[in-house]
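1. turn this into a model:
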Amino acid sequence: MIDRTGLAEFLRLRREAVQPEDVGLPRGPRRRTSGLRREEVAALCNMSADYYARLEQERGPHPSPQMIAAIAQGLHLSLDERDHLFRLAGHEAPSRGALSEHVSPGLARIFDRLRDTPAEVVTELGETLLQTPLGAALVGDTTRYTGPARSLGYRWFTDPACRALYHPDDHDFLGRMFASGLREAVTRRGPRSRAAHYVDLLLAGSAEFRTVWEAHEIGLRPKESKRYAHPSVGALELQCQTLLDPDQAHILLVYTATPGTESYEKLQLLSVIGTQITSTNTGLA
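-> Sure, this is the predicted structure:
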């Protein structure tokens, strides 16, 4: 059963404890609110301010697990706090570790300071959990996918359109790399894992994947330099830095261009163009 009073009190206290700069928001000279405003939390959680306000006022509909997960992420809750929030709302706490989609507060704080940079947080299977606006402008909104298609490695072999964003000379290596990553994930997580399910689907549906899979390659890693063929700004060569959260098996990917290069200028142009990309069936590799 939902504990409306406990839920309302916990949300209010956590909201008041989070400062604007903790989530990448400007403080402003006239701010009097302790912590975040309700409308700011609602925006961070992609929900209406009225819906969130009703939760703090002990009224409104019973929030779904998806809503509670969004609030936990928006407020940068720890895993223990997230689990407590789920139980207050009358739901079982989600799994932790490899299956968890809750980005840790530390990684989320770093991500929030990268708003002017292409960046995203992904799972070990290449499923996008968070994406900056410039990241979406570079590769399309990769948070919109559902099911196995959330994984870039899965899309690579099932949706040829996703390859259009990458330099043709890199296609062979990327396919081998995705297969190698899936093999490592299956070995690490076991035959009943989501990774193993993706492999079964790909073996049944992609002759190309079967060929690559049979090579048994292991240990292929993404190259530091990435080459893109962007539909709006043309060729781009970007460097990729990664930060791993081993407890959650999440990876923060940050893409930059060397100052003074043509790619740097194009990335600046892309930040102005925004998310006007002609192909959205793409993803970071």
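2. where do the helices sit along the stretch 151-285 of the chain?
-> Under the criterion DSSP state H, counting those that start in this stretch, helices of the stretch 151-285 of the chain are mapped to 152-158, 171-189, 194-205, 207-213, 262-273.
3. go through those helices and name the closest to residue 118.
-> Using Cβ to Cβ as the criterion, the shortest distance between residue 118 and the helices of the stretch 151-285 of the chain is 7.5 Å, found for helix 262-273. Where C-beta positions appear, they are placed from N, C-alpha and C, glycine not excepted.
4. that closest one packs against which elements?
-> Judged by 3 or more Cβ pairs under 8 Å, 6 or more residues apart in numbering; DSSP states H and E, the packing partners of helix 262-273 are helix 133-139, strand 234-245.
5. deepest of the ones you listed, which one?
-> Mean neighbour count (mean count of other Cβ atoms under 10 Å) peaks for helix 133-139 among those, with a mean of 23.
6. work out the gap between it and the centre of the chain.
-> Put simply, helix 133-139 sits 12 Å off its chain's centre (Cα atoms, centre = their mean, to the nearest Å).
7. now swap in stretch 118-132 and tell me
-> 3 Å.
8. rounded mean pLDDT for that stretch, please.
-> Averaging the model's pLDDT scores along stretch 118-132 yields 96.
9. who's in contact with residue 71?
-> Contact partners of residue 71, counting by Cβ atoms under 8 Å, 6 or more residues apart in numbering, are 11, 41, 45, 47, 52, 55, 63, 85.
10. make it 10 Å
-> Under the criterion of Cβ atoms under 10 Å, 6 or more residues apart in numbering, the contact partners of residue 71 comprise 7, 11, 14-15, 41-42, 44-45, 47, 52, 55, 63, 77, 82, 85-86, 89.
11. what secondary structure does the residue of the chain positioned farthest from its centre sit in?
-> Within the chain, residue 30 marks the point farthest from the mean C-alpha position, 32.9 Å out by Cα atoms, centre = their mean. Classification of residue 30 using DSSP: H, G, I helix; E, B strand; the rest coil returns coil.
12. residue 184 contacts residue 199, correct?
-> No: the pair formed by residue 184 and residue 199 falls short of the contact definition of Cβ atoms under 10 Å, at 11.4 Å.
13. which one's more surrounded, the two?
-> The neighbour comparison of residue 184 against residue 199 (other Cβ atoms under 10 Å) goes to residue 199, with 21 against 15.
14. tell me the confidence at that one?
-> For residue 199, the model assigns a pLDDT of 98.
15. and what of residue 30?
-> Residue 30 carries a pLDDT score of 76 in this model.
16. and it, how far from residue 22?
-> 19 Å (Cβ to Cβ, to the nearest Å).
17. can you tell me the SS state at the residue nearest the centre of the chain?
-> The chain has residue 129 as the residue nearest its centroid, 2.1 Å off, counting by Cα atoms, centre = their mean. Secondary structure, three-state DSSP: residue 129 is strand.
18. I'd say it and residue 123 touch.
-> Yes: counting by Cβ under 10 Å, residue 129 does reach residue 123; the two are 6.7 Å apart.
19. which ones are touching residue 42?
-> Taking Cβ under 10 Å, 6+ apart as the criterion, residue 42 is in contact with 36, 48-53, 55, 70-71, 74.
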